[in-house]
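Trainee: Sequence first, predicted coordinates after that:
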Amino acid sequence: MLGWEIFIHTEFTESTDQNDWRWPKDESVLATWRASLGGVDWLNKLVQDGKANYLGGNGYPLRYLARVKDVLPLIKAGPPAHRGPLVIGEDYVTPSGWVSQATVQLEKFDQVNPDNMIVIDAWDED
């Protein structure tokens, strides 16, 4: 695992079977970005603080549920900073704390009740 592709979206499935978890539809996506190792630390902290639920997953994806009001302040200015290590591959280098291709759609967040639950998927980028 070399990093994560994060999707924050409103598309829920009733199933807890990971085989039913799919990429979210574009219209349901509130934010997305790619991050290196350490890019899910903020999610694990939310779980630790009792502000998110970890639903499991093996990286395809890891799935979390949280309220808009607990997530939005953390990402309003962009993806949360992290202390992921420098990663050196055969034909690439990602610096410590690397984040790329970030899109946070604040206008879509404004349309969702702050108390509503949203889904955060972290897809393993290997």
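Mentor: Perfect, thanks for sending it. Note that the structure is a prediction, hence the values are computed from the model and not measured. Residues are numbered from 1 along each chain as shown.

Trainee: which residues touch S96?
Mentor: Contact analysis of S96 by C-beta atoms under 8 Å, 6 or more residues apart in numbering lists 36, 83-86. C-beta here means a position set from N, CA and C on the backbone, and glycine is covered the same way.

Trainee: Which ChimeraX command selects the buried ones in these?
Mentor: Buried subset of the contacts of S96, written as a ChimeraX selection, criterion 16 or more other C-beta atoms under 10 Å:
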select :36,84
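
Trainee: Mind putting the contacts of S96 into JSON lines with secondary structure?
Mentor: What follows is the contacts of S96, written out as JSON lines (DSSP: H, G, I helix; E, B strand; the rest coil):
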{"residue": "S36", "secondary structure": "strand"}
{"residue": "R83", "secondary structure": "coil"}
{"residue": "G84", "secondary structure": "coil"}
{"residue": "P85", "secondary structure": "coil"}
{"residue": "L86", "secondary structure": "coil"}
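
Trainee: show me the contacts for A77.
Mentor: Shown in contact with A77 (C-beta under 8 Å, 6+ apart): no residues.

Trainee: quick check, it in a helix?
Mentor: No. Under three-state DSSP, A77 falls outside any helix and is assigned coil.

Trainee: All good on my end, thank you.
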